[in-house]
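Q: with the sequence up front, the predicted model follows.
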Amino acid sequence: MVEKLQLATIFQNGMVLQRDVVSRIWGYATPGVQVVATLDEQAPVTATTDANGTWEIQLPLQAAGGPHQLVVRAGEATLIITDILFGDVWVLAGQSNMQLWMGRVKARFPDELKTANNPAIRSFKMPQIANFNAEQTDFPSGEWVTATAEYVADISALGYFFAMKLNADEQVPIGLLYTAIGGTPIEAWLADEQIQKLHAQTFDYAQLRQPGYIEEVEATEAARDNQYWAELDAADQGLQANWQLGAADTTAWAPISLTSAWDSPFKDSGVTWLQKTFTMPAELIGTNAEIRLGTLTDGDEVYVNGKKVGETGYMFPPRNYPLGLIEAEMTIVIRLKICYGQGGFTRGKQHVLVNDANEVVYDLDQHGPWQMQRGTGAYPDKLEQTFFQYKPSGLFNGMIAPLQNFALKGFLYYQGESNDAAPDGYGQKLTSLITDWRQRFNQGDLAWINVQLPNFGLTPELDWVKIRAEQMQVLDLPNTALVVTIDVGEYNDLHPTDKQTVGERVALAAEKIAYGRDVQAAGPLATKAQVVGEDVVISFTADTAALKQTADITVQLATDQGTLEAVALIYGQELRIKKPVDTQIYSVSYAWQVNPTATLYDVFNLPAPPFKLGIG
């Protein structure tokens, strides 16, 4: 008799298991049969399946290294897992800045994508699953891949640079369990028990658990959206007249620079077209190129000499489209579909052609105005889509719960942007999440490294200042670290591309709290402000390295005369600000803005987190 035999999905060829601890391996087989697992030539480990056919074995601890082979047998059925490494396994969780994959930062790190070759770094990407009725015990799919040129484009960029530094410093294989999903608030990653304790249920909490509700909403919205796009296309006179072919008479169109702010009606919902013909330099004709247009709101189609070279459906991805060979004359047409008003090009971005060496060879902004015309009149906004992956507890149940028995080294978490409209209480939710995940994984106070939100200037009305302050609360928990990034964001991009600096800072924090290395892993942390004589003196934690500045350290003083700006000077391990005469000071703050300029560092080039301190 051949027994049914299956391993949980995460146990596959090329996997990384946690070194130096007992590793639990589980799966499914016929109820009541014996399962025998053998790692290499080591003594077999056995288990008997329960009434549901579930089995679990425990492999004795193994030192870092490999490759190893695991053979699992039940009756006459056999499964063989090869190329297993033992190393350190980290969960990567949060939203888009953790999710952002190497392919999205290709323009900044082209060589990494071409030459990546580190088979000791492995990544397992969980499928996106939101479950509102139960904590899942397995994934329906997923695959372990190596950090080599063939696969690196799909690996988290932050995770890749984190793993590269950690692997180089610790000389052990690194496994990345890649769970992050763009746009998700913290509530999506909290277990349902925590959601109820925090009273964080949404209005549709009960409906989400009703059979067929989600499928009905998704079908209804898909039909509605298809109708919207079809009607928009039908209303677009440019599409009907084939403006995309580049033959439109643009003499009556409005001149515009891609770097200009658009006036209404061009930024209203509907369709706006842009066109320009370029006579290319002789030395570029016949060379390969890519067009880069920054980011646009909302969706676009780009045509060159009548051929579509790329399209994107929403605002955030960079528009980097391959052109092929540059022709002597190139007519570029951009069809921009604006769904929610305020459309246009993101200010401050380059609009260029680059060659295969990632060099800018032609600046599209240096050759006079483009011509712009509306394809539609003012058009109704598209109705918002329901993103069920944003709803409370769904992603915890579908993507975190199945990992609870998997041995780990720790967690990396980068999230908070999607809680910026209502930041109060975020720190309490983050504390609950960390505490609950540690309890569920039942491996002690596993290392937790949180990435604080960077500088960003496009949405000053949203409270990243408050989110950063709430994120500081994680430092009250044992074995946690906070990585400061207010100097590596981009004021005009929600997804800053310098994930190398962030990943390497996260690795430093890991070396400190997870590996016990004597490294400086955090910048100057201000703890107290007081008036001493004629100065306001700011003190820092005892482990702060020597302070340094990159420009004037500008602070804000809240006083009885209103808010005053002042410059702080470094005196040893303190900052001193000359106290304004006859003024009562209530608090002092540094980098307490949505898009601050970081100027205070330590000598290891680690930035100080923003602070606001009452006068003690």
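A: It's in. Numbers count the residues shown, from 1 in each chain.

Q: low-scoring stretches of the stretch 1-150 of the chain, by residue?
A: 1-3 (pLDDT under 70).

Q: where exactly do the strands run in it?
A: With strands called from DSSP state E, counting those that start in this stretch, the stretch 1-150 of the chain shows them at 5-7, 16-18, 23-29, 34-39, 45-48, 54-59, 65-74, 77-94, 117-125, 144-148.

Q: what of the stretch 501-616 of the chain?
A: With DSSP E, counting those that start in this stretch as the criterion, the stretch 501-616 of the chain has strands spanning 526-532, 535-540, 547-549, 553-559, 562-571, 574-578, 585-590, 600-602, 611-614.

Q: wait, A153 touches G103, no?
A: Yes: counting by C-beta atoms under 8 Å, A153 touches G103, with 3.7 Å between them. C-beta: built from backbone N, CA, C; applies to glycine.

Q: okay, and the common contacts of the two?
A: L113 (C-beta atoms under 8 Å, 6 or more residues apart in numbering).

Q: longest helix in the chain, by residue count?
A: helix 213-235 (DSSP state H).

Q: and it, what does it pack against?
A: strand 270-279 (3 or more C-beta pairs under 8 Å, 6 or more residues apart in numbering; DSSP states H and E).

Q: pull out the buried positions in the strand it packs on.
A: For strand 270-279, a neighbour-count test (16 or more other C-beta atoms under 10 Å) marks 270-276, 278 as buried.

Q: take those and write them to CSV, including pLDDT and distance to G75.
A: Listed next are those as CSV, based on pLDDT from 0 to 100; distance: C-beta to C-beta, whole Å:
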residue, pLDDT, distance to G75
G270, 97, 65
V271, 98, 64
T272, 98, 66
W273, 98, 67
L274, 98, 67
Q275, 98, 69
K276, 98, 70
F278, 98, 70
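
Q: so where's the stretch 351-500 of the chain shaky on pLDDT?
A: Using pLDDT under 70, nothing in the stretch 351-500 of the chain is flagged.

Q: from D498, how far off is the residue sitting nearest the centre point of the chain?
A: Centroid-nearest residue in the chain, with C-alpha atoms, centre = their mean: N97, separated by 1.6 Å. Taking C-beta to C-beta, to the nearest Å as the measure, N97 falls 11 Å from D498.

Q: for the residue nearest to the centre of the chain, give me its contacts.
A: Counted by C-beta under 8 Å, 6+ apart, N97 has contacts 158, 414, 417, 451, 494-496, 499.

Q: distance of it relative to Q584?
A: 41 Å.

Q: how about F11?
A: 65 Å.

Q: so which of these two has more stuff around it?
A: Counted by other C-beta atoms under 10 Å, F11 and Q584 do not tie: F11 has more neighbours, with 20 against 12.

Q: R468: what's it in contact with?
A: 452-453, 486, 609-610.

Q: helix, strand, or coil at it?
A: helix (DSSP: H, G, I helix; E, B strand; the rest coil).

Q: please apply the same query to the one 3 residues further on.
A: With three-state DSSP as the basis, the three-state label of Q471 is helix.

Q: what about Q171, how many neighbours?
A: 11.

Q: just give the nearest non-adjacent residue to it, would you?
A: Nearest residue to Q171, sequence neighbours excluded (C-beta to C-beta, 6 or more residues apart in numbering): A64, at 7.8 Å.

Q: distance of the closest residue to A120 other than its chain neighbours relative to L39?
A: What sits nearest to A120 in space, not counting adjacent residues and going by C-beta to C-beta, 6+ apart, is P173, at 4.4 Å. To L39, P173 is 16 Å away according to C-beta to C-beta.

Q: ditto for Y303
A: Using C-beta to C-beta, Y303 is found at 57 Å from L39.

Q: what about the two, which has more around it?
A: Between Y303 and L39, L39 has the larger neighbour count (other C-beta under 10 Å), namely 23 against 20.

Q: quick one: that one and L70 touch, right?
A: Yes: counting by C-beta under 8 Å, L39 touches L70, with 5.3 Å between them.

Q: shared neighbours, these two?
A: Going by C-beta under 8 Å, 6+ apart, residues that sit against L39 and also against L70 are L59.

Q: about what we covered before: just the buried ones from the contacts of R468, in PyMOL syntax?
A: Selection of buried members from these for PyMOL, criterion 16+ other C-beta under 10 Å:
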select buried, resi 452+453+486+609+610
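
Q: okay, now F387: neighbour count?
A: With neighbours defined by other C-beta under 10 Å, the count for F387 comes to 13.

Q: nearest spatial neighbour of it, skipping sequence neighbours?
A: Closest residue in space to F387, ignoring its immediate chain neighbours: G183 at 6.5 Å, by C-beta to C-beta, 6+ apart.

Q: just R517 next, same as before
A: In space, R517 is closest to E511, 4.1 Å off (C-beta to C-beta, 6+ apart).

Q: so what's the one you found scoring on pLDDT?
A: Per-residue confidence (pLDDT) for E511: 98.

Q: what is the burial count for it?
A: E511, neighbours per other C-beta under 10 Å, totals 18.

Q: help me confirm that it comes into contact with A168.
A: No: here E511 does not reach A168: they are 11.1 Å apart, not a contact under C-beta under 8 Å.

Q: all the strands of the stretch 201-350 of the chain, in order from the start?
A: Under DSSP E, counting those that start in this stretch, the stretch 201-350 of the chain gives strands at 254-256, 270-279, 288-292, 296-297, 299-304, 307-312, 320-325, 329-338, 344-345.

Q: check which helices and strands the fifth one sits against.
A: Translated: strand 299-304. strand 307-312, strand 329-338.

Q: closest to T220 among the contacts of R468?
A: L453 (34.8 Å; C-beta to C-beta).

Q: would you confirm that the closest one contacts E417?
A: Yes: at 6.5 Å, L453 and E417 qualify as touching, with contact defined as C-beta under 8 Å.

Q: got a markdown table for the helices and strands packed on strand 299-304, with mean pLDDT too?
A: What follows is the helices and strands packed on strand 299-304, written out as a markdown table (pLDDT from 0 to 100):
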| stretch | mean pLDDT |
| --- | --- |
| strand 307-312 | 98 |
| strand 329-338 | 98 |
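
Q: of all those, which one comes closest to Y390?
A: Closest among the helices and strands packed on strand 299-304, once you apply C-beta to C-beta, is strand 307-312, at 21.2 Å.

Q: pull out the buried positions in that closest one.
A: 309-310, 312.

Q: output those in TSV; the columns should cover distance to R468.
A: Listed next are these as TSV, based on distance: C-beta to C-beta, whole Å:
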residue	distance to R468
V309	39
G310	35
T312	30
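
Q: how about the nearest residue to G286, chain neighbours excluded?
A: L325 (5.5 Å).

Q: that neighbour reaches E290, doesn't it?
A: No: in this structure, L325 is not within contact of E290 by C-beta under 8 Å, at 11.7 Å.
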